[in-house]
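Undergrad: 3D model of this:
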Amino acid sequence: MQNCWTVLAGRAKLVADDAHTLVVAARTRVAQLQGSLDHLDKLRQDYIARYEAAQKEAHMIADNLAYRQFLDHLQSLNERVTAQMQTAQQELERAQASWKEAQREQIKMEAMVERDLRNKLQETRKREQKQVDEAGITLFNLR
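TA: Below you'll find the model as predicted:
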């Protein structure tokens, strides 16, 4: 038979596990966005190098415009991904705080289960000692 503390401890564990899953997902999202930022930075550096190389050769004004437009496009992508990264970081922080709170609750419930078990054991020992004492008194009175 389960008592209320074991049920609450089980629920607290499920909540903590769900919160941990959210933390893992948020960390994955942050890592993906960081990878995207790194990739955009690499593309930007590569494109700037190509632009500078093209400046040394004969080229058309349209080529310059295309390079600049692409760099502007990369910059706008970088800004969008940076904004998404900030949002993802905030979500990660909220998820971590939620997970910590869920872990605290789980620890509390597990402590209550242990306390309840100790109380039951102590009660059983007292009952057994009382029965032994009663048997001893009965034997003493029979003499």
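
Undergrad: Give the rounded mean pLDDT of the helix or strand containing residue 118.
TA: If you go by DSSP states H and E, residue 118 is part of helix 61-142. In this model, helix 61-142 has a mean pLDDT of 92.

Undergrad: and the most far-flung residue of the chain relative to its centre, how far is that from residue 102?
TA: Most distant from the centre of the chain: residue 143, at 70.3 Å, with distances by CA atoms, centre = their mean. To residue 102, residue 143 is 62 Å away according to CB to CB, to the nearest Å. No exception for glycine: its C-beta is placed from N, CA and C like everyone else's.

Undergrad: now residue 3
TA: 21 Å.

Undergrad: Next: residue 80.
TA: Taking CB to CB, one finds residue 80 at 32 Å from residue 102.

Undergrad: now do residue 121
TA: Per CB to CB, residue 121 is found 29 Å from residue 102.

Undergrad: These two: who's more crowded?
TA: residue 102 (20 against 10; other CB atoms under 10 Å).
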